[in-house]
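[1] What shape does this take:
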Amino acid sequence: MSLPPLTAIRAFEAVSRHLSFTRAAAELGQTQAAVSYQIKLLEERVGAALFIRKPRQIVLSDVGQSLALQVNKAFDIMREAFATTRGEVDGLLTITTVPTFASQWLAQNLGLFQIDHPEIAVRLDSTSNMIDLLNEEFDIGIRTLADPKAKGILSHLLVKADFTPLLSPALADSIGGVKEPADLLKLPMLDPDDEWWTMWFEAANVPGFSTQGRAMSSLGWQSLLATAASAGRGVTMLTPALFRDEIASGRLIQPFPLLASAGRGYYLVYAESRRNVPKIKMFRDWMLSATAFMREGAAS
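    This is a model prediction of the structure:
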């Protein structure tokens, strides 16, 4: 049996993935009517309905589900083939990363990767916005995630986003030192309505924490909070693994070893279909090796 028109197969792959004619049409740069026509052609060729039309939604029929599994697998193979070919000739690696990881670790160490791999140029994009790595032009993402599992995406833990209070030595000295967790309640706090405060005090068995009467701030990014804390503006809740230099230099102190967790971590993520692209493999292997000490430190 000869293949149906590739335009019809491509339309089916997009609709089966989105379960929406409208979103599939937008992705393909076609009208909804054109996509519907391609699906109709394919259904006539197959001899069965591929989708069940319901009010305000569509779902795959049994035949459609079976076909979608094979078609999606075929498209993944083609994507990987082209991605691998592009990776062999394209010396540009594009990385999208959350700002804190970019400023606290990646920007300081990325040059070491380029020393090892001078044939690869790197473009770094720092944003908190979620990027669709399956359909947008980025090779790798670094994101703070609670559940790293996503369809078509591979993920590797870089470091857990566990947290604890950090502050400047001068601020600690202003109350004669921070000797027990309850002493922190005497100090100004940065972003006091952050849920991490409540979680850490609960883990430390310290009652009485409240935001009432406290000066409110909303700096958000850990890198900004660390800058303000280093200037003595307040105690802040940070992931100490990302602020080792500040702690080692004495700009910030970590008064207690207790770390609390919200079940999140910083993950390296990329499209599963591109797992064998040389530049992605090189960066993944380098990154996991370079950050191993942070995971080993957390484990110990």
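
[2] which phi and psi does G176 have?
    phi 80, psi 20 (degrees, to the nearest 10).

[3] residues near it, how many?
    Look at G176: counted by other CB atoms under 10 Å, it has 9 neighbours. Quick note: C-beta positions are derived from backbone N, CA and C, even for glycine.

[4] For it, give its distance to I253.
    With distances taken as CB to CB, to the nearest Å, G176 is found 14 Å from I253.

[5] Neighbours of K151, how many?
    So K151, with other CB under 10 Å, has 8 neighbours.

[6] What ranges does the stretch 101-250 of the chain have for its strands?
    With strands called from DSSP state E, counting those that start in this stretch, the stretch 101-250 of the chain shows them at 121-126, 140-145, 153-160, 164-166, 236-238.

[7] Can you give me the buried ones in the longest one?
    Buried residues in strand 153-160, counting neighbours by 16 or more other CB atoms under 10 Å, are found at 153-155, 157-160.

[8] CA atoms only for that strand - export them in CSV, please.
    Extracted in CSV, the C-alpha atoms of strand 153-160 (Å, rounded to 0.1, in the frame of the first residue of the first chain):
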residue,chain,number,x,y,z
ILE,A,153,11.5,15.3,27.6
LEU,A,154,14.5,13.8,29.3
SER,A,155,15.6,15.4,32.6
HIS,A,156,18.7,15.1,34.9
LEU,A,157,18.9,16.5,38.4
LEU,A,158,21.7,19.1,38.8
VAL,A,159,21.0,20.1,42.4
LYS,A,160,18.1,20.0,44.8
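
[9] Next, the angle from it to strand 140-145.
    60 degrees (axes from the mean of the first three to the mean of the last three CA atoms, to 10 degrees).

[10] and strand 153-160, what does it pack onto?
    Under the contact criterion of 3 or more CB pairs under 8 Å, 6 or more residues apart in numbering; DSSP states H and E, strand 153-160 touches strand 265-271, helix 278-290, helix 292-299.

[11] which other residues reach that strand?
    The contact list for strand 153-160 (CB atoms under 8 Å, 6 or more residues apart in numbering) reads 101, 133-134, 142, 145, 148-149, 239, 241-242, 261, 264-272, 275, 284, 287-288, 291, 294-295, 298.

[12] Please name the bridge partners of the nearest residue to E202 once chain neighbours are set aside.
    Once flanking residues are discounted, E202 sits nearest to A260: 7.9 Å by CB to CB, 6 or more residues apart in numbering. Per DSSP bridges, the residues bridged to A260 are F163.

[13] A260 against W197, yeah?
    No: A260 sits out of contact with W197 when judged by CB atoms under 8 Å, with a separation of 9.6 Å.
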